[in-house]
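Student: the following block contains a protein sequence and its predicted model.
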Amino acid sequence: MIDNYQEDRDKKIVNRTSSTNIGLELLSIVSSYDLGYINYKNAIKLISKVINTVNSLSKWNGHLYNWYNTKTLEPLNPRYISSVDSGNFIGYLYVLREFLIENKNKQDIKSLINNITELINNTDFSYLYNPKTKLLSVGFDLENNKLTDSYYDFLASEARQASLVAIAKKDIPVKHWNNLSRTLTSLNKFKGLVSWSGTAFEYLMPNLNLQMYKGSLLDEASQFAIMSQIEYVKKLGLPWGISESAFNLKDLNNNYQYKAFGIPWLGFKRGLENDFVISPYSTFLSLEYARKLAINNLKKLESEGLLGKFGFYESVDYTKSRLKKEEEKIVVKTYMAHHQGLIMLSINNYLNDNIIRKRFNKNPEIEAVNILLEERMPRNTIITNEKKEKLSKFTDGKVRKLCRKKNRK
């Protein structure tokens, strides 16, 4: 599966893919079967082809490289192992294996199940873990043969799945989980976890697989994040849903650029108030918690011109500094494979009673560590007292202050 398709680029596709893309490709096939778009025979045929290709790819301590050329199947330089992408891929393999197990009587797929189990077991996360910091590094740099000196240290992080999977596999110790930051912030008398970038991706993406316990710290954090997303645009009259995405800036080859956008009071990263980019996949990730609001928001996004030939476009950019004088917005007419995959999984979970999540959690090794996800909001809390940043003026005076200077305790 290619990484992206861009409508207004001469070369509409790019010949690269990532381990996250591959994992989402596999679960999109499963979801296509669950939703009735393909039959079981075709699903197995497609899954087998992808797994056979994965078997042929060069790896590092069982990990897929971050990027591969889709024509030559060689890793792209600089060669790198991403902790998040590896965690995603192995997490999705757990789901895939359970899908095959529950259908094993339909045809002889024992060898395929064994193949997937071998891929899971061979991927060793201990090489991505720093025992001194008790954290997962962002990744391993093969060109310099060392761990990157930057770490995932928030519980509200896209790396949450990688952490749980690595613990479940016994590649890293359980104490790593306790070392993740649980810094809180507050809004409208509610409390929630702080993340690095304040994106929907950090809070909601891991939830596609991970068990969510009602009233748990992560459950409360997810609801708080969605409330913050909606509150942030309440007075703008615009759609909500801010996360990492492509936006209205291109390089010399006409490729849209990509970065994290988030809610200022949710993220430690500075400058989040300077951009206003809305991505549809963020809304799909919110379906579990805000069904009616999410569906209404998708209708609003459609009215803003975001529904294209192959589904919802990547994003819409309202950032005034990137618009011409007469423009109010620019629709970023590209399709990112991993975001389309997340949309597919979100729809499948929503329509089929969290079927992806249930499969993930049927794996005995995952079930054994789920107690970590039951953690409750602490009674005695320290809430960050940093001043909340206000929005910049993106559109002709529409924007007002959306939050107060201080957090309420």
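Tutor: Here it is on my side, so go on.

Student: CA atoms for contacts and neighbours, from now on please.
Tutor: Will do.

Student: who's in contact with the residue nearest the centre of the chain?
Tutor: When Cα atoms, centre = their mean is applied to the chain, the residue found nearest the centroid is residue 205 (3.9 Å). The contact partners of residue 205, taken as Cα atoms under 8 Å, 6 or more residues apart in numbering, are 158, 285, 342.

Student: pLDDT score for it?
Tutor: pLDDT for residue 205: 98.

Student: quick check, it in a helix?
Tutor: Yes - counting by DSSP: H, G, I helix; E, B strand; the rest coil, residue 205 is located in a helix.

Student: look up how far residue 108 lies from it.
Tutor: Look at residue 205 and residue 108: by Cα to Cα, to the nearest Å, they are 33 Å apart.

Student: repeat for residue 314
Tutor: Counting by Cα to Cα, the gap from residue 314 to residue 108 is 39 Å.

Student: ok, the two, which is more surrounded?
Tutor: Between residue 314 and residue 108, counted using other Cα atoms under 10 Å, residue 314 has the larger neighbour count: 27 against 10.

Student: surely that one and residue 336 touch.
Tutor: Yes - the pair residue 314 / residue 336 is scored as a contact, 6.5 Å apart, by Cα atoms under 8 Å.

Student: show me the contacts for residue 7.
Tutor: Per Cα under 8 Å, 6+ apart, neighbours of residue 7: 333-334.

Student: show me what the strand ranked longest in the chain is packed against.
Tutor: Counting by DSSP state E, the longest strand found in the chain is strand 245-250. Counting contacts by 3 or more Cα pairs under 8 Å, 6 or more residues apart in numbering; DSSP states H and E, strand 245-250 packs against strand 256-259, strand 315-317, strand 330-332.

Student: ok, which of those comes nearest residue 86?
Tutor: In terms of Cα to Cα, the element of the helices and strands packed on strand 245-250 nearest to residue 86 is strand 256-259, at 19.8 Å.

Student: the closest one: which residues count as buried?
Tutor: Residues residue 256 are the ones in strand 256-259 that count as buried (16 or more other Cα atoms under 10 Å).

Student: show me what it pairs with in its sheet, parallel or antiparallel.
Tutor: The strands beside strand 256-259 in its sheet (DSSP bridges) come out as strand 245-250 (antiparallel).

Student: which residues are in contact with the strand it pairs with?
Tutor: 256-261, 277, 279, 314-317, 322, 330-332.

Student: let me know whether residue 200 touches residue 262 as I believe.
Tutor: Yes - Residue 200 lies in contact with residue 262 (Cα under 8 Å); the separation is 7.4 Å.

Student: in the stretch 1-150 of the chain, which spans are helices?
Tutor: 19-34, 40-56, 83-102, 110-122 (DSSP state H, counting those that start in this stretch).

Student: generate TSV for those helices, with distance to residue 64, mean neighbour count and mean pLDDT as supplementary columns.
Tutor: Converted to TSV, the helices of the stretch 1-150 of the chain look like this (distance: least, Cα to Cα, whole Å; neighbours: other Cα atoms under 10 Å; pLDDT from 0 to 100):
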stretch	distance to residue 64	mean neighbour count	mean pLDDT
helix 19-34	6	24	98
helix 40-56	8	14	97
helix 83-102	7	22	97
helix 110-122	10	15	97
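
Student: can you add distance to residue 217 and give those helices back as CSV?
Tutor: Shown next, in CSV, are those (distance: least, Cα to Cα, whole Å):
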stretch, distance to residue 217
helix 19-34, 26
helix 40-56, 36
helix 83-102, 21
helix 110-122, 28
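
Student: which stretch among the ones you listed comes nearest residue 358?
Tutor: Per Cα to Cα, nearest to residue 358 of the helices of the stretch 1-150 of the chain: helix 83-102, 8.4 Å.

Student: which secondary structure elements does the closest one sit against?
Tutor: Against helix 83-102 (3+ Cα pairs under 8 Å, 6+ apart) you get helix 19-34, helix 110-122, helix 160-168, helix 355-361.
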